[in-house]
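> the following block contains a protein sequence and its predicted model.
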Amino acid sequence: MNDKLCDERNFATNAWITEGKEKIVAQSTPCPITGDYTGEVPGASGLCAKVASDCNNPDIMFYSVSSCENRSHVYEGKLLSMIFEHQP
């Protein structure tokens, strides 16, 4: 990873460009998200979110929304069961 990628100058504006893959690979992903991710919810002052998955059970994900100051104060948490199907 290039350390310059996370430089503050790269986040000077509120405008973002959404990019996608030019060629879609027709292959299912066994693990859509690896590990745990936590961050502040944009536009919701003081709220943080966490998403987690277990690659041994790729059809299940967990998310929660909590206070950033007190992570034990969870406003919402859900276990999501998802079905990933590849349709050519």
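Cool, the structure landed.
> C-alpha only now, for contacts and for neighbours.
Will do.
> where does Cys55 land in three-state SS?
Using DSSP: H, G, I helix; E, B strand; the rest coil, the three-state assignment for Cys55 comes out as coil.
> neighbours of it, how many?
For Cys55, the number of neighbouring residues by other Cα atoms under 10 Å comes to 15.
> that one against Asp36, yeah?
No - using Cα atoms under 8 Å as the test, Cys55 is too far from Asp36 to be in contact (11.3 Å).
> any regions of this protein where pLDDT drops low?
Low-confidence segments of the chain, defined by pLDDT under 70, span residues 1-2, 15-32, 77-88.
> can you map out the helices along it?
Secondary structure of the chain (DSSP state H): no helices located.
> now do the strands in it.
Taking DSSP state E as the criterion, the chain contains strands spanning 36-40, 47-53, 60-67, 74-81.
> can you redo the ones you listed as TSV with mean neighbour count and distance to Glu8?
Formatted as TSV, the entries for the strands of the chain read as follows, by neighbours: other Cα atoms under 10 Å; distance: least, Cα to Cα, whole Å:
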stretch	mean neighbour count	distance to Glu8
strand 36-40	13	17
strand 47-53	19	21
strand 60-67	18	25
strand 74-81	12	30
